[in-house]
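# Predicted coordinates and the sequence they were generated for:
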Amino acid sequence: MSVTRPVAVPGRVPLGTRVAKRLTGGALYIIVLVVGVIWLIPTLGLFISSFRKASDITGSGWWTVFTHPAQLTFKDYTDIFSNKGIIQSLWNTVLITVPATALVVFLGALAAYAFAWIDFRGRDWLFVVVVGLMVVPIQVALLPVASLYGKLHIFGTILGVVMFHVGFGLPFAIYLLRNFFAAIPRELLEATRMEGGSEWTIFRKVIVPLGLPAIASLAIFQFLWVWNDLLVALVFSNAKTQPLTVALQSNMRQFGSNIDILAPGAFLSLSVPLIVFFAFQRYFVQGLMAGSVKG
Amino acid sequence: MDDSLSETPAAGEDPAAGPPAASEDLAAGPAPAAVPAPVPAPIPVPASGLPAGPHPLAGHGGPSPLRIPVHVRAGFLIPAALILLAIIIYPAVDSVWLSLHNHDGSKWVGLSNYKTLFTDQATLKALKNNVIWVVCAPTIACALGLMFALLSEKIRWSTAFKAIIFMPMAISFLAAGVIFELVYQQDPHQGVANAVAVGVHDTFAPSSKYPGAHPRPDHAKPASGGSFTSVDTYTAGSIANVPLVGIQAAKLPGKAAQAAAPAAAPAADQIEGTVWLDIIYGGGGKPNQLDPGKKGMPGISVKAIDTATGKSAGSASAHNDGTFTIKGLKPGVKYALEIPGSNFAEPYRGIQWLGPSLVTPAIIASYLWIWAGFAMVLIAAGLASIPRELQEAARVDGANERQIFWRITVPLLAPVLLVVLVTQIINVLKVFDLVYVIAPGSTLPDANVLAVHMWSVSFGGAQDQGLGSAIGVFLYVLVLPAMYFNIRRLRNEKKEGR
Amino acid sequence: MADVRFIDATRVFHGAWRPAVDGVSIDVRDGELLVLTGPSGSGKSTLLRMLAGLEPVDRGTVLIGGKDVGRTAPDKRGVSMIFQGFALFPNQTIGENIALPLTMRKSSAKAAAARVQQVAELCGVAGHLNAKPDAVGYDVRQRTTMARAIVRRPDVVCLDEPLAGSGTPLMMRGRSPIAALQRELGITTLYATCSSVDAWQIADRIAVLDSGRIQQLGTPAEVFAAPATIAVAQFLGEPAMNLVPAPVTDGIAHIGAFAVALTPAQAAALTGPRVVVGVRPEDLSIGSEGAEGIRATAVLVRDTGRDYIVTARTVVDGEESDLVVRNAGGPVPVKGESVLLGVRPGATLHLFDAKTGVRLPE
């Protein structure tokens, strides 16, 4: 019936177009690859440098290890793990980060529950205030809080650093958690209330378990902020209570000579957040979406 | 706040509550089922159709068993409220007060700190840099984020790509500072940025093979641009010897061979000659002699300059044994030989990233490295929420990809882009750690921003509480529009949703 | 077990200009299943929540077993509630969900487990006690929420549109587990639903609410036979009653060529010059040519085999009006066909005051 005619098979894309398409596809992958490499190289450089002797770091680029793998050594790490100052500051970082995170999550969740589910006069206005507080720069509070701490004799203490972090973490915490808590079905709260559940019971038995994803997001964010903070600790801690970031920063003034402390120290300082980040990436992204207004 | 909490649980109790007499006829015993309920009164509708204000009972709040006791409500709110009051609200107000006083807060100085803020050179520089930051960083972060989001939409292993771009978000500014301090090291053998810069530079403008080499002073005089011009002049058909010194024999390229005199006599329109390193490795030989052991300098270029006009008449490049032949010369004309400076140029040393002029852009680049991932994730989510049908409908209607992007994707993405932009602006206004950590002490004044300046003024030696507070208050004023933006967004969300 | 009485119960929400529940008085007998129905926003949910203690009573009284519960905490009222969407905790197992009322009351673990097992068997979910609500089907979730409601032996169960939005509005029909359990246990039950079909199927009595007020209270048959207001007439019955406005002159209402004579009582009760005449689709017939009737055009014909429904368009008093006829008998008209509509002999005509919407007395 039908005669085969010398025309292109329908649906078949002309060769030229196909080649062009494949090329742009290839170009796309090359761009992506280049961008990825650019984004990885800085961290890779630090990572490799932390496994080289100071003399090697100042003498040649970290990439020379690819041709001279013998340069790799754990000496820098064994050194900083026996460096009392660095170990103390690492411990301080933990002592600051853990309570600052726990307190923000706990107090923020309490307040967020009130904003979401307890009726009180002026609630909406207060919430607007909280949202407004989210963007207040910490610079505006540094001096007055410093003098307040001076009067309370907590300047230079870990408690002081923690409280400052809690204060500036709370607005975001309340904002993020309130929005999530408010989305919990009212019926679940009322089902508990019907059985005589107090507000505290509802908070513990309903809000916290069901709000766990948001609480996890918040905890991760707050953990990263506090762990990574430099400015607050720079102002409010002293030589005994300073966290890792401040200890490393004071070594930075002489970059070349202290690189054997800086490189492994910096890598130590970023490895914990990095582990947290990769372990909880989902919550991290969720939190980012939910509260992308925090400054 | 106090106002709302001081309500007593029974405050709303209606004293008149109780079974009103009007309901007697209904409540009289169990109603017989067979009799239909009495006909109800018609539903009252306000005559105007508009509510005449809240009902008298509205908001009275009956004696509810659910009324949450004040101490419970307070228990949820008070701890957070107290901390916010002590750490943010009171200090923010106190800062304003401090900013109107002198350095130790002992004397009222009015607005003079704010005057300093806008006249002092160091502060102005910080302000100017902040402007550069605010203009550049958020927009570029947005653009990069959009680009990466679009890229990641089209590739298969986008999760890995996104994770790599996003990863720096988890890294502290201090660690990022150390990382970029390494990247920006001046020595191209240490800093990857300069290693790349030198690599690229040398690909397009190869560096000379003989840095520092030069003729003996009695043979040639230096000319502009590091060039040398021979003292002697030559005519076409003659031979010119060019012995050079000033570098080690070991630094010659491997292909350099024993220097030799030209094999044949030059033609009438040529000048022939030899360029060699007039030093024997290990010593020996006489100056200006083509002794055994002396090597030619391949690649050196030699120009013949017409001494009358000063113009170049021809050039040649030396072979492995150092010989060269300049062709196409006119007989009878006197030529001087010039060895261009490019033969001896020092190697390219890379870019001074953290020098006074580039320090701010360099730090902004490291900021982008951290925050592009943030923009990417938000924009990617925005892209994913755009209904596919819209783009497909446009495609069916014959729109091309570019039209779809600019007419559909970008407008629908605008709210997300705005959020990213505002967030970034808030961030950038307060940028401290990166600048403080990366900028070396010598160029810190050139990289200064308000947040860093505030720190140095208040805590870093000057101890000027007044000016420090003024800068803090000024930063606060700068973020007020962002605050307004956020609150308005909150209001809109409330209107739409819950 | 207990009876429930609302006396002039009123609730006004914060800032509202009219009450959500407005002077409602109902007696619910012990063991009765009362269906509260009406359009959404009519106050039926609020009424239940007032009974359960989730909303305060702004005026009036709520009595359970003769006791004023206005100040009693929700858990002390002996009322349990089944919420819209069932309100099961996604993070707890079916067993834990059922046990919630017991654990909240700090019953001993042993007694609680035994009671949960007993109730679960009664409701037919004993095989799912360790599953999470998301992992079981709709029917099991429905039975679970019922089990949770009865596990603490309540006097009264309130169901607040438990099936709304589920896409299966007929789940409350006679054979549904909730209805069956209610019959078996004889618990006083108040059931709020938007669906009039639900109301027919299971109710001992129906209370129709609109704008926070009781429009009518009675058995399904009573309400169907004599809807007290236009709103009730529109709400109950599928398809709904035909309602045609008609002017009244000298005690006679005129619909086109039709004339309906008002009784003296009706004429006396009428407050305006017009009535609304209601006639059920079942009570209309399609007459043969030549008979007396209303000329109309069939615009929609739905024939399901078991019965057929014709929507016929006619002009009454210069206004287009659609009348619905169900199972008129005889040949099914085709779309576009001209038909002659009549009223079956012996059919009830419902007369309402056009101004107030209230039914005129017989």
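Noted; the coordinates are in hand. Everything quoted here is computed from the prediction, not taken from an experiment.
# Every contact and neighbour count from this point should use C-alpha atoms.
Will do.
# in the stretch 251-362 of chain C, what spans have low per-residue confidence?
Scanning the stretch 251-362 of chain C for pLDDT under 70 picks out C:288-292, C:328-329.
# Can you show me the strands along it?
Using DSSP state E, counting those that start in this stretch, the strands of the stretch 251-362 of chain C run over residues C:252-255, C:258-261, C:274-279, C:284-287, C:294-303, C:308-316, C:319-326, C:338-343, C:350-353.
# Just say which of those is most tucked in.
Among those, ranked by average contacts under mean count of other CA atoms under 10 Å in any protein chain shown, first place goes to strand C:350-353 (a mean of 26).
# Give me the contacts around that strand.
With contacts defined as CA atoms under 8 Å, 6 or more residues apart in numbering or on different chains, strand C:350-353 is touched by C:226, C:229-230, C:270-272, C:274-279, C:358-360.
# Show me what the strand or helix carrying B:D232 pairs with in its sheet, parallel or antiparallel.
Secondary structure from DSSP states H and E places B:D232 in strand B:228-234. Strand pairing for strand B:228-234, determined by DSSP bridges: strand B:220-222 (antiparallel), strand B:335-339 (antiparallel).
# Quick one: mean pLDDT over the helix or strand following it.
Once the chain leaves strand B:228-234, the next helix or strand it forms, by DSSP H and E, is strand B:239-245. Summarised as a single mean, pLDDT over strand B:239-245 is 82.
# Then stretch C:102-109?
Per-residue pLDDT over stretch C:102-109 has a mean of 87.
# Using CSV, write down the CA coordinates of it.
Provided in CSV are the C-alpha atoms of stretch C:102-109 (Å, rounded to 0.1, in the frame of the first residue of the first chain):
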residue,chain,number,x,y,z
LEU,C,102,-7.0,6.4,79.9
THR,C,103,-3.4,7.4,79.9
MET,C,104,-4.4,11.1,80.4
ARG,C,105,-6.4,10.0,83.4
LYS,C,106,-3.4,8.1,84.7
SER,C,107,-5.2,4.8,84.8
SER,C,108,-3.0,1.8,85.7
ALA,C,109,-1.2,0.4,82.7
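# Just the buried positions in that stretch, please.
C:L102, C:T103, C:M104 (16 or more other CA atoms under 10 Å in any protein chain shown).
# Could you dump those residues into a markdown table and include distance to chain A and secondary structure?
Below are these laid out as a markdown table (distance: CA to the nearest CA, whole Å; DSSP: H, G, I helix; E, B strand; the rest coil):
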| residue | distance to chain A | secondary structure |
| --- | --- | --- |
| C:L102 | 8 | helix |
| C:T103 | 9 | helix |
| C:M104 | 6 | helix |
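# What is the nearest of those residues to B:A451?
Ranked by distance to B:A451 (CA to CA), those are led by C:M104 at 52.9 Å.
# Verify the contact between that closest one and A:M194 for me.
No: with contacts defined as CA atoms under 8 Å, C:M104 does not count as touching A:M194, sitting 9.8 Å away.
# Which elements pack onto the lengthiest helix in chain B?
For chain B, the helix with the greatest residue count under DSSP state H is helix B:121-154. Packing partners of helix B:121-154 (3 or more CA pairs under 8 Å, 6 or more residues apart in numbering or on different chains; DSSP states H and E): helix B:112-119, helix B:158-166, helix B:359-385, helix B:410-429, helix B:444-447, helix B:450-458.
# among these, which is nearest A:V140?
When the helices and strands packed on helix B:121-154 are compared by CA to CA, helix B:450-458 sits nearest A:V140, at 9.5 Å.
# Is chain A within reach of the closest one?
Yes: using CA under 8 Å from any CA of the partner chain, helix B:450-458 reaches chain A at B:A451, B:M454, B:S458.
# ok, and the most crowded of the residues you listed?
Of all the residues of helix B:450-458 next to chain A, the most densely surrounded is B:A451 (29 neighbours; neighbours counted as other CA atoms under 10 Å in any protein chain shown).
# quick one: that residue and A:I138 touch, right?
No: using CA under 8 Å, B:A451 is not in contact with A:I138; the gap is 9.4 Å.
# Is C:A131 in contact with C:I94, as I believe?
Yes: C:A131 is in contact with C:I94 according to CA under 8 Å; the separation is 5.8 Å.
# Which one's more surrounded, these two?
Between C:A131 and C:I94, C:I94 has the larger neighbour count (other CA under 10 Å), namely 30 against 14.
# Who are the contact partners of the closest residue to the more buried one other than its chain neighbours?
Residue nearest to C:I94 in three dimensions, not counting chain neighbours: C:L129, with 4.8 Å by CA to CA, 6 or more residues apart in numbering or on different chains. With contact set as CA under 8 Å, 6+ apart, C:L129 has these partners: C:T93, C:I94, C:G95, C:E96, C:A120.
# for these, which one is nearest B:E401?
Of all those, C:T93 has the smallest distance to B:E401: 50.6 Å, by CA to CA.
# How many residues are close by the closest one?
19.
# residue contacts, it?
C:T93 sits next to C:L129, C:N130, C:A131, C:K132, C:P133 when contact means CA under 8 Å, 6+ apart.
# and the third one, helix, strand or coil?
The reference is to C:A131. Secondary structure for C:A131, judged by DSSP: H, G, I helix; E, B strand; the rest coil, is coil.
# tell me the pLDDT at the nearest residue to it once chain neighbours are set aside?
Spatially, and ignoring its direct neighbours in sequence, C:A131 is nearest to C:T93 (5.2 Å; CA to CA, 6+ apart). Confidence at C:T93, expressed as pLDDT, is 94.
# Give me the next element, helix or strand, following the one helix or strand A:S250 maps to.
For A:S250, the enclosing helix or strand under DSSP H and E is helix A:244-252. Using DSSP H and E, the next helix or strand after helix A:244-252 towards the C-terminus is helix A:255-279.
# Could you list every helix and strand in contact with that next one?
Applying 3+ CA pairs under 8 Å, 6+ apart, we find helix A:255-279 packed against helix A:15-49, helix A:54-59, helix A:75-81, helix A:212-228, helix A:244-252, helix B:173-183.
# Tell me which of the ones you listed sits nearest to B:P298.
Evaluated with CA to CA, the helices and strands packed on helix A:255-279 place helix A:54-59 nearest to B:P298, the distance being 30.8 Å.
# List the buried residues for the closest one?
A:A54, A:D56, A:I57, A:T58.
# which of these come close to chain B?
The subset of the buried residues of helix A:54-59 within reach of chain B, by CA under 8 Å from any CA, is A:I57, A:T58.
# what's stretch B:295-315 in contact with?
Here stretch B:295-315 has contacts from B:252, B:255-260, B:274-278, B:280, B:316-323, B:326-329, B:333-340, B:343, using CA under 8 Å, 6+ apart.
# for the one helix or strand A:V98 maps to, which positions count as buried?
If you go by DSSP H and E, A:V98 is part of helix A:84-117. Neighbour-count burial for helix A:84-117, counted by 16+ other CA under 10 Å, picks out A:85-101, A:103-116.
# same for that helix, what does it pack against?
Counting contacts by 3+ CA pairs under 8 Å, 6+ apart, helix A:84-117 packs against helix A:75-81, helix A:158-182, helix A:212-228, helix A:244-252, helix B:70-84.
# any residue of stretch C:254-270 up close to chain B?
No: using CA under 8 Å from any CA, stretch C:254-270 stays clear of chain B, with a minimum separation of 12.3 Å.
# which non-adjacent residue is nearest A:V161?
In space, and not counting its chain neighbours, A:V161 is closest to A:F236: 5.8 Å by CA to CA, 6+ apart.
# quick check: domain ranges of chain A?
Annotated domains of chain A cover A:15-76, A:83-290 [automatic domain parsing].
# Pick the most deeply packed of those.
Mean neighbours per residue, mean count of other CA under 10 Å, is largest over the domains of chain A for domain A:83-290, with a mean of 21.
# from the stretch 101-250 of chain B, which residue is nearest to chain C?
B:T159 (28.6 Å; CA to the nearest CA).
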